[in-house]
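got a structure for you, letters missing:
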């Protein structure tokens, strides 16, 4: 039975539909694994086992004609999504007693497709860290090395998948919060094109409007599961439903050699470890060997430095919107002391926290120029492969984020500098799929991004499916076999 826990969601659903395993039987198997093994990871921090078992019993008696795309699949979801009756805190102590009154749109869509929720997975406070720890639920560990972070903010989601505690997951991403944990834990994660997956119900009380840049997207042990999940959760949000219809183009490529691929393995704006850069280049060489068209020098026709600064400004204008008036006033006073010529990351982010609408509109206008540049770039190319982070998973570090450093090729680098790689896709609303490429010399997962053009979500996912068939994909951490 331990092998079943690590099957793809696609394979699990097929077995359930063929009655090779019962829904309640599979549900109990995951519950048992969480009870026995989650003390290592502390990933599934909100548990709803009684309701899950009740739903599973009903599902076992569901007529064949009523079985949805995810029939009987036990899954978990990031704590920041509302599930009726369960806490939604975002790791913020003041919201520790907050209970959701109804399901998030995504949760409802999963349930309508037949999925069964076992519970919810851990996050950092405010969903604002490359790690996943908070005062309410504690610290989540990486299944490959419990002394290291699983990433954030969807760290609990990635850890639960890697440890075989769930069949499918869903995270959210504004600065790599799906992609960073997928890389650190050796699973797949898809950041969708902005706006195609509704975010209602992924919010703190009183928040209805979808934030700029932020997206909701699936995480899995198999790239096929990303496509399956996207078929379930992608679609228009409530206010647009009467007039808009989403039709994502399918990718009909059957061979890796049919892809046109750019490899961007490193950059002076955010140097990555030699091992990660070499892995990206090795994937490119592998594709070349198959006959795919591969370039190591093609880039979108835009100023990459300005693109990065635009992303930092837009990102931190969002972060500043949720702070208290006291914090806002202090940030505004501090920003006023910064030299206008200072274009360091921290200077840009500090000013962005308190920027006026006039400044935001100018950034947004340049973002639109970036989107056109990417559109033209993806006329010639199907996929861009690049790093997600500068290093593999690092040791737990709960110091102040502004002072955290990591070592890259013997040099110290600000931990937050890694946001550059997430921003390539996030700033311009592009879809990006992180895929595992095997382990580092230390035995830690290395994931890379496959970025595609706007609304070409199934292109990056299909690329990862074919690459997995050719080179391998998810591996199990030894402790959780």
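It's in. None of these values were measured; they are calculated from a predicted model. Residues are numbered from 1 along each chain as shown.

run through this structure and note the low-pLDDT ranges.
Within the chain, the stretches with pLDDT under 70 are 1-2.

which residues in the stretch 151-300 of the chain form strands?
With DSSP state E, counting those that start in this stretch as the criterion, the stretch 151-300 of the chain has strands at 169-173, 188-191, 215-220, 260-263, 293-295.

try the stretch 301-450 of the chain
Going by DSSP E, counting those that start in this stretch, the stretch 301-450 of the chain shows strands at 383-387, 405-408, 411-414, 432-439, 445-451.

buried set for the longest one?
Right, strand 432-439. 432, 433, 434, 435, 436, 437 (16 or more other CB atoms under 10 Å). For every residue, glycine as well, the C-beta is placed using N, CA and C.

and the fifth one, what does it touch?
When the contact criterion is CB atoms under 8 Å, 6 or more residues apart in numbering, the partners of residue 436 are 182, 186, 187, 188, 445, 446, 447, 473, 474, 475.

tell me the contacts of the last one?
Neighbour list for residue 475: 186, 436, 438, 439, 445 [criterion: CB under 8 Å, 6+ apart].

just to revisit the earlier point, could I get the buried residues of strand 432-439 as a markdown table with distance to residue 80?
Below are these laid out as a markdown table (distance: CB to CB, whole Å):
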| residue | distance to residue 80 |
| --- | --- |
| 432 | 20 |
| 433 | 21 |
| 434 | 19 |
| 435 | 24 |
| 436 | 24 |
| 437 | 28 |
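
of these, closest to residue 130?
residue 434 (14.0 Å; CB to CB).

want to try CSV for the contacts of residue 475, with distance to residue 97 as columns?
Below are the contacts of residue 475 laid out as CSV (distance: CB to CB, whole Å):
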residue, distance to residue 97
186, 35
436, 38
438, 44
439, 42
445, 36
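
now do stretch 297-305: distance from first to last residue.
Across stretch 297-305, the terminal residues are separated by 17 Å (CA to CA, to the nearest Å).

look up phi and psi at the residue nearest the centre of the chain.
Nearest to the geometric centre of the chain sits residue 178, at 1.2 Å (CA atoms, centre = their mean). The phi and psi torsions at residue 178 (degrees, to the nearest 10) take the values phi -90, psi -40.

residues contacting it?
Applying CB under 8 Å, 6+ apart, the residues near residue 178 are 154, 171, 172, 189, 190, 191, 215, 217, 219, 434.

thinking again about what came up before, winner for burial among the strands of the stretch 151-300 of the chain?
Most buried of these, by mean neighbour count (mean count of other CB atoms under 10 Å): strand 188-191, with a mean of 33.

do you know which of the strands of the stretch 301-450 of the chain lies nearest residue 101?
strand 432-439 (33.1 Å).

how about stretch 81-96: buried residues?
So, applying 16+ other CB under 10 Å, buried residues of stretch 81-96: 81, 82, 83, 86, 87, 88, 89, 90, 91, 92.

now it, how far from the centre of its chain.
20 Å (CA atoms, centre = their mean, to the nearest Å).

could you do stretch 77-93 as well?
The answer for stretch 77-93 is 17 Å, by CA atoms, centre = their mean.

quick check: end-to-end length of it?
Stretch 77-93 end-to-end distance (CA to CA) = 20 Å.

can you map out the helices along the stretch 251-400 of the chain?
Using DSSP state H, counting those that start in this stretch, the helices of the stretch 251-400 of the chain run over 274-290, 304-321, 325-335, 345-353, 357-380.

any chance of these in JSON lines, plus distance to residue 464 and mean neighbour count?
Converted to JSON lines, the helices of the stretch 251-400 of the chain look like this (distance: least, CB to CB, whole Å; neighbours: other CB atoms under 10 Å):
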{"stretch": "helix 274-290", "distance to residue 464": "11", "mean neighbour count": "17"}
{"stretch": "helix 304-321", "distance to residue 464": "24", "mean neighbour count": "20"}
{"stretch": "helix 325-335", "distance to residue 464": "39", "mean neighbour count": "13"}
{"stretch": "helix 345-353", "distance to residue 464": "30", "mean neighbour count": "20"}
{"stretch": "helix 357-380", "distance to residue 464": "17", "mean neighbour count": "15"}
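
for those helices, which one sits closest to residue 96?
helix 325-335 (20.3 Å).

now for that closest one, which elements pack on it?
Helix 325-335 sits against helix 345-353, with contacts defined as 3 or more CB pairs under 8 Å, 6 or more residues apart in numbering; DSSP states H and E.

report the angle between the helix it packs on and helix 357-380.
120 degrees (axes from the mean of the first three to the mean of the last three CA atoms, to 10 degrees).

what does helix 345-353 rub up against?
Taking CB under 8 Å, 6+ apart as the rule, helix 345-353 contacts 309, 312-317, 319-320, 323, 328, 331, 334-335, 338-339, 402, 414, 416-417.

tell me the angle of that helix relative to helix 304-321?
Here helix 345-353 runs at an angle of 50 degrees relative to helix 304-321 (the same axes, to 10 degrees).

what about stretch 135-144, start to end distance?
Stretch 135-144: ends 24 Å apart by CA to CA.

tell me the buried residues in it?
Buried, per 16+ other CB under 10 Å, within stretch 135-144: 136, 137, 139, 140, 141, 142, 143, 144.

can you give me the buried ones in stretch 109-129?
Those would be 109-111, 113-129, for stretch 109-129 by 16+ other CB under 10 Å.

how much space separates residue 90 from residue 176?
Counting by CB to CB, to the nearest Å, the separation of residue 90 from residue 176 is 17 Å.

and for residue 380?
26 Å.

list the contacts of the residue of the chain most remote from its centre.
For the chain, the largest distance from the centre (CA atoms, centre = their mean) belongs to residue 337, which lies 35.6 Å off. For residue 337, no contacting residues are found, by CB under 8 Å, 6+ apart.
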